[in-house]
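Engineer: the sequence and its predicted three-dimensional model are supplied below.
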Amino acid sequence: GTELLLAMKHDLLRYEHLVDVKTVPGLDKIEAKNSSLHIGGTVTHRVIENSPLVRERLPVMAEMARQIANVRVRATGTLGGNICFAEPHSDPATLLLALGAKARVQGRNGERTLAMNEILVGAYETALAADEILTAIEIPLLAKSQRAAYLKFQVHERPTLSLALVLDVDASGNAITKARAVVGSVSLTPCRSDKADALLVGPRDKVEKQLADAAQVLAEAADPGDDLEGSAEYKRHLTGVFLRRAFAQALSGAPR
């Protein structure tokens, strides 16, 4: 409701009735079960940022939450609300897509689960039916062989670019066996590319030489546009800069 009320205040949206779901039992819980972290739809960014469970089991998620807007926004804005509002220049969706998270939604016909690229279909547009609400986000916990990083570039109120990277490394730590890179805030929805991910797999020294090519492929897949946050050309450049930084951070032993 944080973004919604602001839009209504500026007369961009109008609704006869609003329903507050923050008092619905169970939607404000954070739990770890079945190798996943379950975050209820009404859990605020601030709670995620400070949660001992999140900090211990998925620190990259806590670090991402810490970077959202300002303390006042984090104290009132919720993870579920953020996803449902589907603002293109937003932090959570980029990381959640890289982590393989899924949204649990509930409606008259029961419950269903949607991947991030399924629930987010466009700017301010989701796949939720009129009678559905998002009840929780399920995030797979990282395995011991996995490393993750989330970085963003921001000048104004919202990110110009965000980039999330999840790497699977072998026992020696010198080779990447699987990769998942996502760039966000440069197009209508966060974007990834199988071709770009393939360039991030192999011996570390080889992958380091292919980072520029991987970034170019990822930027082409995202097809950034010009807006108040920056030109398309600038965003393509930033994709390369932040992919290199995320790669180094993910393999440095920084927050997983």
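Structural biologist: Structure's in. What do you need?
Engineer: please report how far the residue located most distally from the centre of the chain lies from Met8.
Structural biologist: Ranked by distance from the centre of the chain (CA atoms, centre = their mean), the top residue is Glu16, with 31.3 Å. Distance from Glu16 to Met8, counting by CB to CB, to the nearest Å: 11 Å. C-beta coordinates here come from the backbone N, C-alpha and C atoms, glycine included.
Engineer: same deal with Leu53?
Structural biologist: 34 Å.
Engineer: just Gly173 next, same as before
Structural biologist: 51 Å.
Engineer: can you check Asn70 too?
Structural biologist: 21 Å.
Engineer: ok, Ala181 next?
Structural biologist: From Ala181 to Met8 the distance is 36 Å (CB to CB).
Engineer: can you check Phe242 too?
Structural biologist: Phe242 is 34 Å from Met8, by CB to CB.
Engineer: and what of Ser231?
Structural biologist: Counting by CB to CB, the gap from Ser231 to Met8 is 31 Å.
Engineer: try Gly100
Structural biologist: Taken as CB to CB, the span from Gly100 to Met8 is 34 Å.
Engineer: do the same with Phe153
Structural biologist: Phe153 is 30 Å from Met8, by CB to CB.
Engineer: now swap in Ala215 and tell me
Structural biologist: Ala215 is 39 Å from Met8, by CB to CB.
Engineer: do Val21 as well
Structural biologist: 17 Å.
Engineer: the chain: strands as residue ranges?
Structural biologist: 30-33, 36-40, 102-107, 110-115, 120-122, 125-126, 133-140, 146-154, 159-169, 175-184, 202-203 (DSSP state E).
Engineer: export the second one to PDB, keeping only CA atoms.
Structural biologist: Taking Å, rounded to 0.1, in the frame of the first residue of the first chain, the C-alpha atoms of strand 36-40 are listed here in PDB:
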ATOM      1  CA  SER A  36      13.700 -22.600   1.700                       C
ATOM      2  CA  LEU A  37      13.100 -19.300   3.400                       C
ATOM      3  CA  HIS A  38       9.400 -18.300   3.600                       C
ATOM      4  CA  ILE A  39       8.700 -14.600   3.900                       C
ATOM      5  CA  GLY A  40       5.100 -13.600   4.400                       C
END
